[in-house]
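Novice: Sequence and predicted structure below; questions after.
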Amino acid sequence: MDLERLKARAAEIADKETKDWLGRTQASEKLYQRATKTLPAGVVSNFQAGDPYPVYLAHGKGSTVTDVDGNDYTDFHGGFGVNVVGHAHPKIVEAIKKAADDAIHFAVTTETTVALAEEICARFQCDQMRFVNSGTEATMDAIRVARAATGRDKIIKMEGSYHGHHDSVLFSVVPEADVLDLRHSVDESGKPWYTTEPTSKGVPEALWDTTIVVPFNDASAVDAAFTDNPGQIAAVILEPVMMNIGIVVPADGYLQALKDTCEKHGAVLIFDEVKCGGTIAYGGAAERFGVVPHLAAWAKAIGGGATTGAFGGDANIMEYVTKGAAQQGTFNGNPLSSAVGLAALTQVLTRDAYDHLGKLGTMLAEGCNRAIADSGIPAHTVDLAAKGCVSYRSEPLTNYRDFLETIPEIYWASYPYMVNRGIFMTPGDEEQWTISVQHTDDDVQKYVTAFGEFCQLLTA
């Protein structure tokens, strides 16, 4: 297939579909113009920005969301992976109402908070945990505790990975790198590990050499980094399934090799399960891949839609929060968030729910695969229960450099095409779909049909 012709065709589709989309979202445009007066880019997070403006939503019910113009969409965005329970699930609504009647906030630990902690520890195989309010806080505190436990400063992260927006992890990140024209800034020297400039302004230069970057799925590079930095590395942090460049699954034996290397060198293995915890299996990556890290970070799906994050792991590491490693927060484990999270994990996201999510995920991925095969476009799918994606590269990704070989022009044509046909998607070629327990076979078929039509139009 002629790649340049494919890109040109994608540009034609993107132009037409964007014009159609702009004509259907005039209330979003009006709200954007209002919002930019008080909010940079008219949004509350850089990930929500749009070109020329984002869709503003007004309502959600079940698997459907409605924008401020009154357009309905089947929701495969899922709040970047938060809404595995769907929208306005009766059990979640009931928990919110009861919490509102009892107490929304104390800044004192409640029995509900303790019960949620017990559920998280049992579900994700950890000894102890602490609550926070976001994925960023969860990874930030996990790294701090790992540094406290080891008395070391340096950490290892994976090339291109995202772990929130605190200073220690803003190196080799997508999509922030696009703004600074650093998406393709990778070390080409052939070294197994390297340090680099941050992909955010405002990160102190004193931190630049404390974060070591290695490719995902390369255990030997991690081992080399430890050998070359003896007694200096506190932790290795990674998404066990890399989920900010589409989806990259770990190679067989990779996660166990990292744990073995960390234990050999007295360091801490941290799984960032902010996206995959609660989505890819009942017990997250630890259950799906059979490797339990020393520490893990969770957020998004574990809160059932409420603002919740957590981190936890081995008791002999977690005890450092009582030995001088700062870990606090006025809203941590508040009664409202705890009630919603407990309802989500115990009443909605049951083991039976993951059977349903697995069935729908496979149906969606297989349907997209058929469309890809019929049209011959360079793409592949990944299927992991509630999570999955289409990436525009024929072969599955193994690391960030593979992601750089994808064809973003196709994604940027697919986005307005799918939105115009009632499929609400994540805005970025590095993102994934999220399926909820309230999605149906018909919802999935709607996605598959629209995607198949897009593929045929792209190759016409």
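Specialist: On my side now, so go ahead. Numbers count the residues shown, from 1 in each chain.

Novice: could you list every residue that touches residue 135?
Specialist: If you count contacts by C-beta atoms under 8 Å, 6 or more residues apart in numbering, residue 135 has them with 163, 164, 272, 274, 275, 297, 298, 299, 300, 309. Every C-beta, even on glycine, is put in place using the N, C-alpha and C of the backbone.

Novice: Can you give me the distance of the fourth one to residue 104?
Specialist: Residue 274 sits 24 Å away from residue 104, taking C-beta to C-beta, to the nearest Å as the criterion.

Novice: More neighbours: which of the two?
Specialist: residue 274 (30 against 13; other C-beta atoms under 10 Å).

Novice: Just confirm the more buried one contacts residue 308, I think it does.
Specialist: No - counting by C-beta atoms under 8 Å, residue 274 does not reach residue 308; the two are 11.0 Å apart.

Novice: hey, what's in contact with both of those two?
Specialist: With C-beta under 8 Å, 6+ apart, residue 274 and residue 308 have common neighbours residue 299.

Novice: Okay, strands next: where are they in the stretch 1-150 of the chain?
Specialist: 57-61, 64-67, 72-75, 128-132 (DSSP state E, counting those that start in this stretch).

Novice: so which of these gets nearest residue 354?
Specialist: Nearest to residue 354 among the strands of the stretch 1-150 of the chain is strand 72-75 (19.0 Å), distances taken as C-beta to C-beta.

Novice: Which neighbours in the sheet does the closest one have, and how are they oriented?
Specialist: Sheet pairing here is set by DSSP bridges, and for strand 72-75 it gives strand 64-67 (antiparallel), strand 423-424 (parallel).

Novice: confidence score at the closest residue to residue 278 other than its chain neighbours?
Specialist: Using C-beta to C-beta, 6 or more residues apart in numbering and skipping residues adjacent in sequence, the residue nearest residue 278 is residue 301, 3.2 Å away. Each residue has a pLDDT score; the one for residue 301 is 98.

Novice: Residue 180 now?
Specialist: 82.

Novice: The one 4 residues further on now?
Specialist: At residue 184, the predicted lDDT confidence score is 81.

Novice: go on, residue 190?
Specialist: As predicted, residue 190 sits at a pLDDT of 88.

Novice: which ones are touching residue 418?
Specialist: By C-beta under 8 Å, 6+ apart, the neighbours of residue 418 are 425, 447, 450, 451, 454.

Novice: Report the beta-bridge partner residues of residue 390.
Specialist: When assigned by DSSP bridges, residue 390 has beta-bridge partners residue 381.

Novice: my guess is it contacts residue 451, does it?
Specialist: Yes - the criterion here is C-beta under 8 Å, and residue 390 meets it with residue 451 at 7.4 Å.

Novice: what touches both of those two?
Specialist: Once C-beta under 8 Å, 6+ apart is applied, the residues that residue 390 and residue 451 both contact turn out to be 368, 414.

Novice: Name the nearest residue to residue 394, ignoring sequence neighbours.
Specialist: residue 378 (4.5 Å).

Novice: For that neighbour, grab phi and psi.
Specialist: Backbone torsions of residue 378, given as degrees, to the nearest 10, read phi -80, psi 100.

Novice: any idea how far it is from residue 297?
Specialist: Taking C-beta to C-beta, one finds residue 378 at 34 Å from residue 297.

Novice: next one: residue 118
Specialist: As judged by C-beta to C-beta, residue 118 and residue 297 stand 18 Å apart.

Novice: Comparing these two, which shows the higher neighbour count?
Specialist: Legend: neighbour count by other C-beta under 10 Å for residue 118 and residue 297, higher for residue 297 (31 against 12).

Novice: Any idea what the more buried one is bridged to?
Specialist: residue 272, residue 311.

Novice: I'd assumed residue 284 was in contact with it.
Specialist: No - taking contacts as C-beta under 8 Å, residue 297 lies outside contact range of residue 284: 10.8 Å.

Novice: Next, show the common contact partners of those two.
Specialist: 271, 273.

Novice: on that earlier part again, could you dump the strands paired with strand 72-75 to CSV with mean neighbour count and distance to residue 291?
Specialist: As requested, the strands paired with strand 72-75 are exported to CSV (neighbours: other C-beta atoms under 10 Å; distance: least, C-beta to C-beta, whole Å):
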stretch, mean neighbour count, distance to residue 291
strand 64-67, 20, 36
strand 423-424, 24, 34
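
Novice: Could you take the ones you listed and lay them out as TSV, with extra columns for mean pLDDT and distance to residue 169?
Specialist: As requested, the strands paired with strand 72-75 are exported to TSV (pLDDT from 0 to 100; distance: least, C-beta to C-beta, whole Å):
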stretch	mean pLDDT	distance to residue 169
strand 64-67	98	30
strand 423-424	98	29
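
Novice: how deep is the nearest residue in space to residue 180 that is not next to it in sequence tucked in, by neighbour count?
Specialist: Leaving aside its chain neighbours, residue 180 sits nearest to residue 199 (6.1 Å; criterion: C-beta to C-beta, 6+ apart). Residues within reach of residue 199, counting by other C-beta under 10 Å, total 22.
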